[in-house]
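A.B. asks: sequence plus predicted model, see below.
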2 protein chains.
Amino acid sequence: MMTFDATHDPALQSWVKSANGHEDFPIQNLPLGVFSLAEGDDRIGAGIGDRIVDLAALADAGLLEGDWTETLGEDRLNALFGQGYEAMGELRAQLSALLSDEGRRSAVEPHLHDQSAVEMQLPAHVGDYTDFYVGIHHATNVGTLFRPDNPLLPNYKYVPIGYHGRASSVRPSGHPVVRPQGQRKAPDEDVPARGPSARLDYELEMGIWVGEGNALGDPIPVEEASQHIAGYCLLNDWSARDLQAWEYQPLGPFLAKSFLTTVSPWVITPQALAPFMKPMPPRPEGDPAPLPYLDGGPKDAALGISLEVFLQTEKMRQEGEAPHRLSHGDATSAMYWSAAQIVTHHASNGCNLQPGDLIGTGTLSTEEEAGYGSMLELSKGGKQPITLPNGETRTFLEDGDEVTLKARCEKEGAASIGLGSCTGRVLPARGS
Amino acid sequence: MMTFDATHDPALQSWVKSANGHEDFPIQNLPLGVFSLAEGDDRIGAGIGDRIVDLAALADAGLLEGDWTETLGEDRLNALFGQGYEAMGELRAQLSALLSDEGRRSAVEPHLHDQSAVEMQLPAHVGDYTDFYVGIHHATNVGTLFRPDNPLLPNYKYVPIGYHGRASSVRPSGHPVVRPQGQRKAPDEDVPARGPSARLDYELEMGIWVGEGNALGDPIPVEEASQHIAGYCLLNDWSARDLQAWEYQPLGPFLAKSFLTTVSPWVITPQALAPFMKPMPPRPEGDPAPLPYLDGGPKDAALGISLEVFLQTEKMRQEGEAPHRLSHGDATSAMYWSAAQIVTHHASNGCNLQPGDLIGTGTLSTEEEAGYGSMLELSKGGKQPITLPNGETRTFLEDGDEVTLKARCEKEGAASIGLGSCTGRVLPARGS
């Protein structure tokens, strides 16, 4: 389905000089986002190097072919997402041309802003947020903590396991995470007590932004599912492990997760990711084939994205130390189900997905410990503290800790791109 | 907090003659809703007898004191809900006066429509939908099917158990329910297969519409929680039991519920329900007291609402038989946690509730079998078919079955009110 075109040419350069060789946002990326120069004035833009181009202004100035004024004049990307995959590809092609053609520079340049001068907002109004659990090494690691002999439940290799999350508390990178209060009960205690979570954790995930939706009652065939994806981001599914352990049976995680979910503000389009997509890793010997409704779709359905997590403690900040890399690796290869399979499963009962819905993959850990995607896994359920370079130790997150997720795509013969970052600092619990 | 005023006077009559002695909507009720006369023209109204008064038109005509034009000119009730408890009480007082004072009749009457001539819409844009599990007899009945010796899990009497539901598939009464397809695996089968649910069920619940919200990070004290409730409705949490049994571990129900949730279209305000509220039933001997953050709030926190479920099969419809009452009883007394406690718990980790959010109580069954709130309970997990008056039998719902939920409040010395009804008919599964 995906074809490579001039927008992917690794030799393509922009007249925005900072874009050329930019770590995250060369002209081959062109991520979408919502930014504000002043409070309440949210505008749709595209990242290019260390600048952002105001797309509503481009449309108003007549620099885009076709009728984009209304869609790009919105304060969120939902309407653009709803126009679908082809329309977003068309916009990308026009932006690529405008930002590479020196002859368009004088017309376009007045509509650029420095990224350092704007505040990035949530890309879309999130109608529904759903979190999956497709990182098989994470599921195995967490399952092992509870059921050493039988870490994966019988449904795991048939069902892309997912659950509904809280849409109202999704925030863009930079929003602080207030340590939640809640009920928790240690195994050796008779009764629960309420207090600040003592096992606050991050979860390294990819986020999927839904593009064109489906009508209630109409499933999405797996062959068409990737056309319903508007883009990707990083997602931190902050988790209070002690609240979760006490509350989650029988209906799943609730307050342990709903206090905040952070996303990176840039929407990395499927078109930008196309050069890095690769076949899904073969299923291990003996695993069942996907049921027919999940079997099919694009040949290259695996996201070729490598992920990193950084931690900077209060002490490190005070002493001018750079964030410490906690983990890194090709964790998107750990997805047992592809993004297309996730979308198809989600709509397979007739559930309607809508433009701007957000889907998390679930925590992505590599098989190796170096790429574990949560403190729960790195500290073996809190039993083995990890030691930071400055001698501090951590089992879970302390107040003042700042967690940053990063992601990159690199491949021989393609221009490398990044997804930006997803950051949050832990603030002390409030009230009682 | 609640005071009785002239709007509650059982002797109060309306010049809308059908309201006087009306089963559901006498002038003491005044439920809010959204209606349309033509597609796309959604307007806010209030029910009175068998008519509906156009509130935007009243505001435009200058018949309401204060500035209501913008709030009531919206196509959904979110903005009105966000104005809070006192403002909604003020609107009620004005409507009560306008609809009872014969002197206002000639000004107001042009803004009335027959309910039979309008289509009722969803009352609010549902930002988030959350479903709880506070019906203790239902939880006990369902738990007994799986764990006869230990039906309630250890957290049940400490935590108001809840989970996130799907907001996009909430629909008003009358929307058909398409039998969902999904994975299911019988205990005696080795592998799952996909197909239409064979165990489609309804769940009798109350819905709570959130009024004024809270900021992310700021809990809602239990003493203030009832002020954050804009109103109540009936809610049918359609459930595919076979899909649920296979998918729900470890993260809870997902596709088994997300294909449709139906609500009655009328928002019954706390002010209308005030005369029927009563103290929460005493906790059984030996049960723990609520933790301090959940202990307190209004003295009369229990909803005094009796509930009924009716079933009409295709055959009954063809033969002109009236719907058969499957169950009835004072099921709201089965709420182990009050609506105020539910709201406080939901926000206790800092999660932000927003005007128009929808909260389900979970299935409400009386202790007695006559008031069981689901087919799962009535048929003992599908093992004991129930026989209908015409000789048909049911364990779960068949195509063509129509389920209707109803609710009433009756009390000596108060004018009885009803909540309207919540109906849905089962359509055959689509596609494959």
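C.D. replies: Right, received. Where do you want to start? Values in this document were obtained by computation on a predicted structure and should not be read as measured data. Numbers count the residues shown, from 1 in each chain, chains lettered A, B, ... in the order given.
A.B. asks: okay, CA-based contacts and neighbour counts for the rest of this
C.D. replies: Will do.
A.B. asks: figure out how far the longest strand seen in chain A is from the centre of its chain.
C.D. replies: In chain A, taking DSSP state E as the definition, the longest strand is strand A:417-427. In terms of Cα atoms, centre = their mean, to the nearest Å, the centre of strand A:417-427 is found 10 Å from the chain centre.
A.B. asks: which residue is nearest the centroid of chain A?
C.D. replies: In chain A, the residue lying closest to the centroid (Cα atoms, centre = their mean) is A:Leu234, at 2.5 Å.
A.B. asks: skipping adjacent residues, who's closest to that residue in space?
C.D. replies: A:Met206 (4.7 Å; Cα to Cα, 6 or more residues apart in numbering or on different chains).
A.B. asks: same question for A:Pro10.
C.D. replies: A:Ala415 (4.8 Å).
A.B. asks: and that neighbour, that one's in a strand?
C.D. replies: No - counting by DSSP: H, G, I helix; E, B strand; the rest coil, A:Ala415 is not found in a strand; it is coil.
A.B. asks: show me the contacts for A:Asp42.
C.D. replies: Contact criterion Cα atoms under 8 Å, 6 or more residues apart in numbering or on different chains gives A:Val34, A:Phe35, A:Ser36, A:Asp75, A:Arg76, A:Gln121 as the residues in contact with A:Asp42.
A.B. asks: check these and tell me the two furthest apart.
C.D. replies: Farthest-apart pair in the contacts of A:Asp42 is A:Ser36 and A:Arg76; separation 11.2 Å (Cα to Cα).
A.B. asks: between these two, point out the one with more neighbours.
C.D. replies: A:Arg76 (23 against 17; other Cα atoms under 10 Å in any protein chain shown).
A.B. asks: go ahead and confirm the more buried one touches A:Val126.
C.D. replies: No - between A:Arg76 and A:Val126 there is no contact under Cα atoms under 8 Å: 9.8 Å.
A.B. asks: quick revisit: sheet-wise, list the partners of the longest strand of chain A with their directions.
C.D. replies: strand A:177-178 (parallel), strand A:402-409 (antiparallel) (DSSP bridges).
A.B. asks: got the end-to-end distance for stretch A:409-416?
C.D. replies: From the first residue to the last, stretch A:409-416 extends over 6 Å; the measure is Cα to Cα, to the nearest Å.
A.B. asks: residues in contact with the helix or strand of chain A with the lowest mean pLDDT?
C.D. replies: The weakest-scoring helix or strand in chain A, judged by mean pLDDT, DSSP states H and E, is helix A:136-146 (a mean of 93). Residues from elsewhere that reach helix A:136-146, judged by Cα under 8 Å, 6+ apart: A:133, A:150-152, A:334-336, A:363-367, A:372-373, A:376-377, A:380-381.
A.B. asks: which parts of that helix are buried?
C.D. replies: For helix A:136-146, burial by neighbour count (16 or more other Cα atoms under 10 Å in any protein chain shown) applies to A:Ile136, A:His137, A:His138, A:Ala139, A:Thr140, A:Asn141, A:Val142, A:Gly143.
A.B. asks: please enumerate the strands of the stretch 251-400 of chain A.
C.D. replies: Applying DSSP state E, counting those that start in this stretch to the stretch 251-400 of chain A gives strands spanning A:261-263, A:306-312, A:324-329, A:358-360, A:386-387, A:393-394.
A.B. asks: of those, which is nearest chain B?
C.D. replies: Among those, the nearest to chain B by Cα to the nearest Cα is strand A:261-263 (10.6 Å).
A.B. asks: strands paired with that closest one, and their directions?
C.D. replies: strand A:170-172 (parallel), strand A:229-236 (antiparallel).
A.B. asks: can you redo the buried residues of helix A:136-146 as a markdown table with distance to B:Ser14?
C.D. replies: Below are those laid out as a markdown table (distance: Cα to Cα, whole Å):
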| residue | distance to B:Ser14 |
| --- | --- |
| A:Ile136 | 64 |
| A:His137 | 66 |
| A:His138 | 64 |
| A:Ala139 | 62 |
| A:Thr140 | 65 |
| A:Asn141 | 66 |
| A:Val142 | 63 |
| A:Gly143 | 63 |
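A.B. asks: list the contacts for the closest residue to A:Ser168 other than its chain neighbours?
C.D. replies: Once flanking residues are discounted, A:Ser168 sits nearest to B:Asn352: 6.5 Å by Cα to Cα, 6+ apart. In this structure, B:Asn352 makes contact with A:Ser168, A:Ser169, A:Phe259, B:Gly213, B:Asn214, B:Ala215, B:Leu216, B:Gly217, B:Asp218, judged by Cα under 8 Å, 6+ apart.
A.B. asks: residues contacting A:Ser348?
C.D. replies: By Cα under 8 Å, 6+ apart, the neighbours of A:Ser348 are A:Asp218, A:Pro219, A:Ile220, B:Gln181, B:Gly182.
A.B. asks: equivalent analysis for A:Asp300, please.
C.D. replies: So A:Asp300 contacts A:Met277, A:Lys278, A:Pro279, A:Met280 (Cα under 8 Å, 6+ apart).
A.B. asks: redo that, cut-off 6 Å
C.D. replies: A:Met277, A:Lys278, A:Pro279 (Cα atoms under 6 Å, 6 or more residues apart in numbering or on different chains).
A.B. asks: close to chain B: what parts of the stretch 51-200 of chain A are there?
C.D. replies: Residues of the stretch 51-200 of chain A found near chain B, taking Cα under 6 Å from any Cα of the partner chain as the criterion, are A:Tyr163, A:His164, A:Gly165, A:Pro180, A:Gln181, A:Gly182.
A.B. asks: which of these count as buried?
C.D. replies: A:Tyr163, A:His164, A:Gly165, A:Pro180, A:Gln181, A:Gly182.
A.B. asks: of those residues, which pair is most distant in space?
C.D. replies: So, these by Cα to Cα: farthest apart are A:Tyr163 and A:Gln181, at 22.4 Å.
A.B. asks: for the stretch 101-250 of chain A, which segments count as strands?
C.D. replies: A:112-114, A:119-121, A:129-132, A:162-164, A:170-172, A:177-178, A:181-184, A:193-196, A:200-201, A:204-210, A:229-236, A:239-240.
A.B. asks: in a markdown table, list the ones you listed along with mean pLDDT.
C.D. replies: Putting the strands of the stretch 101-250 of chain A into a markdown table (pLDDT from 0 to 100) gives the following:
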| stretch | mean pLDDT |
| --- | --- |
| strand A:112-114 | 98 |
| strand A:119-121 | 98 |
| strand A:129-132 | 98 |
| strand A:162-164 | 97 |
| strand A:170-172 | 98 |
| strand A:177-178 | 98 |
| strand A:181-184 | 97 |
| strand A:193-196 | 97 |
| strand A:200-201 | 98 |
| strand A:204-210 | 98 |
| strand A:229-236 | 98 |
| strand A:239-240 | 98 |
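A.B. asks: can I get those strands in TSV with distance to A:Ala429?
C.D. replies: What follows is the strands of the stretch 101-250 of chain A, written out as TSV (distance: least, Cα to Cα, whole Å):
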stretch	distance to A:Ala429
strand A:112-114	35
strand A:119-121	25
strand A:129-132	25
strand A:162-164	25
strand A:170-172	18
strand A:177-178	6
strand A:181-184	7
strand A:193-196	6
strand A:200-201	11
strand A:204-210	22
strand A:229-236	19
strand A:239-240	12
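A.B. asks: could you list the low-pLDDT ranges of chain A?
C.D. replies: For chain A, the stretches flagged by pLDDT under 70 are A:1-3, A:432.
A.B. asks: apply 80 and report the result again.
C.D. replies: Across chain A, the ranges flagged by pLDDT under 80 are A:1-3, A:146, A:431-432.
A.B. asks: A:Glu119 versus A:His175, what's the distance?
C.D. replies: Counting by Cα to Cα, the gap from A:His175 to A:Glu119 is 12 Å.
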